[in-house]
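Asker: when you get a sec, could you give me coordinates for this:
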Amino acid sequence: MGANGEDPRRLNFIGLDANGQERVLFLTFAVICWSCFCKAVQFGFFRAHYNEAKVIKFWFPFSILLMVYDNFVMALGDTISNKDAVAKSVFVLHPFIVPSVLMTTFEITYLVHKRRSVKFCGIQFDEGRRVKTTYKSWLLRNFVGIIAGCLIGIGVVVNFDLVHIRHIDPEAGNVSWLELFESEKTIEEDVHKVLGVLPTALLILANFYFAAVMWRYGSNSSMIIHSSYLNPWVSQLVGTIGLVAGQFPKEDFKITSNAGEALLVITIIFLMHEVDKDMNAANEFVDFLDAIEDKTNSADENAQIAASMRSANDPPKTPTLSKSMFWGFGSNDKIPDLDKDGQRGGQGGGEIVEMSSIEVRL
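Answerer: Below is the predicted model of the structure:
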C-alpha cells in the first residue's frame with residue numbers, strides 16, 4: 001500500500017484534483033459528446049446504409065457514451081477515490097473507447113467503398129459485394145476487428161495491472177507523449193507507460209490512412225462534386241491531427257487528450273453526414289435509372305399492344321385474280337369470251353377451255 005493508503009499498482013488517471021476551470025471544461029466535453037451521441041444514434045438507427053453496419057449502429061454510440069461518462073467522472077475530481085466502484089467501472093469501460101472508434105472509422109470507410117465497388121485496403125468489391133478470396137478476404141475484412149480486440153485486452157491489462165512487471169508506474173495512461181519521449185528511463189522501466197499510450201497510437205496511425213482514403217474518395221469519386229480539395233471530406237484528417245496534438249502537452253494533459261478525443265468524434269459525425277448525402281445522391285441516381293428503364297419497357301409494351309390491335313382490326317385482304325390463274329393461258333394472253341356452255345365464242349365453235357377451280361385461304 002502507498003503512503004496515502006491507496007494501492008500503488010492501481011492506475012491513477014482518475015481521482016485527480018481539478019480546479020473550477022477544469023471542471024467546467026470536462027463538463028463541456030461531456031455535453032459535446034452527449035450531442036454527438038444523439039446524432040450517432042440518429043444515423044445508426046434511422047439510416048438504412050448505416051443500419052446494416054452493427055459497429056456503426058451500436059459500438060460507436062456506446063463509445064461516445066463512455067466518453068460522456070469519462071468526462072463526467074473527471075469533472076468530479078478528487079471527490080472520487082480510485083478504490084471506489086465508480087473508479088473500477090472506469091477502469092473496465094475506458095479501454096473500449098479507442099478500439100470502438102477505430103472499428104467505426106474502418107467500417108465507415110469500408111461501407112463507402114463497398115457501395116461504390118471501389119478497392120479499399122486490399123479488399124475488392126463487385127456490384128456492391130465483397131469478392132471473397134478464401135482466407136485472404138476474410139482476414140482483410142476482420143483484421144481491424146482483431147486489432148481492436150487486442151487493444152481492449154491491453155487496456156484492461158494496463159488499467160488493472162494484470163501483467164506482472166517490475167516497474168509499475170501509477171501515471172501510466174495519464175502521461176503525454178512528449179514526456180515519454182524525453183524520459184531518461186529504459187524501455188523496461190517505461191513499458192507500463194508505453195502500453196498505456198499504445199492503443200491511442202495505433203488509432204492515430206490507422207486514422208491517418210482511413211482519413212486520407214476518404215479524402216481521396218470525396219475529392220475524386222463522390223457523387224457530389226467539389227471544386228476544391230479543401231472539402232468536407234477532409235474533416236476526419238483534421239480530427240486525427242487534433243487527437244495527435246492533444247497527446248503532446250505535458251501540462252493539462254488530461255484536458256488536451258479529452259479535447260482531442262471530443263474533436264475526433266465531432267469530425268467523424270461530420271464525415272458521416274457527408275457520407276449520408278453521398279449515399280442519398282447515389283440512391284436518387286439509381287432510382288432515376290430505374291424510372292427510365294421502367295418507362296422504356298412500358299413504351300415497348302405499349303407499342304407491341306398497339307401493333308397487335310392494328311393487325312386485329314385490319315379488314316381481310318381480297319385476292320386479285322390474274323390471267324395466269326386460268327389453265328391454258330399465259331399471264332399476257334387475252335382471255336376469249338366464253339358462252340354459257342363454256343365454249344369459246346366465235347365462228348364454228350372450237351377448243352373447249354375449262355377454268356380451274358381456285359380456293360383462296362386468308
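
Asker: just give me the longest helix of this protein.
Answerer: helix 253-313 (DSSP state H).

Asker: so residue 197 makes contact with residue 175?
Answerer: Yes. Residue 197 is within contact range of residue 175, at 7.3 Å (criterion: C-beta atoms under 8 Å). Where you see a C-beta, it was placed from the backbone N, CA and C, and this is true even at glycine.

Asker: more crowded one of those two?
Answerer: Using other C-beta atoms under 10 Å, the more surrounded residue of residue 197 and residue 175 is residue 175, with 22 against 19.

Asker: report the secondary structure state of the more buried one.
Answerer: Secondary structure state of residue 175, per DSSP: H, G, I helix; E, B strand; the rest coil, is coil.

Asker: ok, it - contacts?
Answerer: 169, 193, 196, 197, 253 (C-beta atoms under 8 Å, 6 or more residues apart in numbering).

Asker: if we can go back for a sec, and the longest helix of the chain, what does it pack against?
Answerer: Taking 3 or more C-beta pairs under 8 Å, 6 or more residues apart in numbering; DSSP states H and E as contact, the helices and strands that helix 253-313 lies on are helix 20-46, helix 48-51, helix 60-76, helix 97-115, helix 191-220, helix 235-245.

Asker: where's residue 283 relative to residue 289, distance?
Answerer: 11 Å (C-beta to C-beta, to the nearest Å).

Asker: and residue 123, how many residues sit next to it?
Answerer: Residue 123 has 18 nearby residues by other C-beta under 10 Å.

Asker: looks like it contacts residue 139 (just checking).
Answerer: No. With contact defined as C-beta under 8 Å, residue 123 does not reach residue 139; the gap is 10.0 Å.

Asker: with adjacent residues omitted, what lies nearest to the residue nearest the centre of the chain?
Answerer: Nearest to the mean C-alpha position of the chain, counting by C-alpha atoms, centre = their mean, stands residue 111 at 2.2 Å. Distances taken as C-beta to C-beta, 6 or more residues apart in numbering put residue 53 closest to residue 111, at 5.7 Å, once the chain neighbours are dropped.

Asker: pretty sure the one you found sits against residue 109.
Answerer: No. Residue 53 is not in contact with residue 109 according to C-beta under 8 Å; the separation is 11.1 Å.

Asker: report the buried residues of stretch 23-35.
Answerer: Neighbour counts over stretch 23-35 (16 or more other C-beta atoms under 10 Å) mark 25, 26, 29, 30, 32, 33, 34 as buried.

Asker: buried ones in stretch 108-122?
Answerer: Of the residues in stretch 108-122, those buried (16+ other C-beta under 10 Å) are 108, 109, 110, 111, 112, 113, 114, 115, 116, 118, 120.

Asker: and residue 230, what pLDDT?
Answerer: Looking at residue 230, its pLDDT is 86.

Asker: export the buried residues of stretch 108-122 to JSON lines and append columns for pLDDT and distance to residue 71.
Answerer: Below are these laid out as JSON lines (pLDDT from 0 to 100; distance: C-beta to C-beta, whole Å):
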{"residue": "108", "pLDDT": "92", "distance to residue 71": "24"}
{"residue": "109", "pLDDT": "90", "distance to residue 71": "27"}
{"residue": "110", "pLDDT": "86", "distance to residue 71": "29"}
{"residue": "111", "pLDDT": "87", "distance to residue 71": "29"}
{"residue": "112", "pLDDT": "85", "distance to residue 71": "30"}
{"residue": "113", "pLDDT": "80", "distance to residue 71": "33"}
{"residue": "114", "pLDDT": "81", "distance to residue 71": "34"}
{"residue": "115", "pLDDT": "79", "distance to residue 71": "34"}
{"residue": "116", "pLDDT": "72", "distance to residue 71": "37"}
{"residue": "118", "pLDDT": "72", "distance to residue 71": "37"}
{"residue": "120", "pLDDT": "75", "distance to residue 71": "33"}
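
Asker: which among those residues gets closest to residue 149?
Answerer: Here the nearest of the buried residues of stretch 108-122 to residue 149, counting by C-beta to C-beta, is residue 110; it sits at 17.2 Å.

Asker: the closest one: what's its closest spatial neighbour, skipping adjacent residues?
Answerer: Nearest non-adjacent residue to residue 110 (C-beta to C-beta, 6+ apart): residue 120, at 6.3 Å.

Asker: next: residue 281.
Answerer: Closest to residue 281 by C-beta to C-beta, 6+ apart is residue 223, at 3.9 Å.
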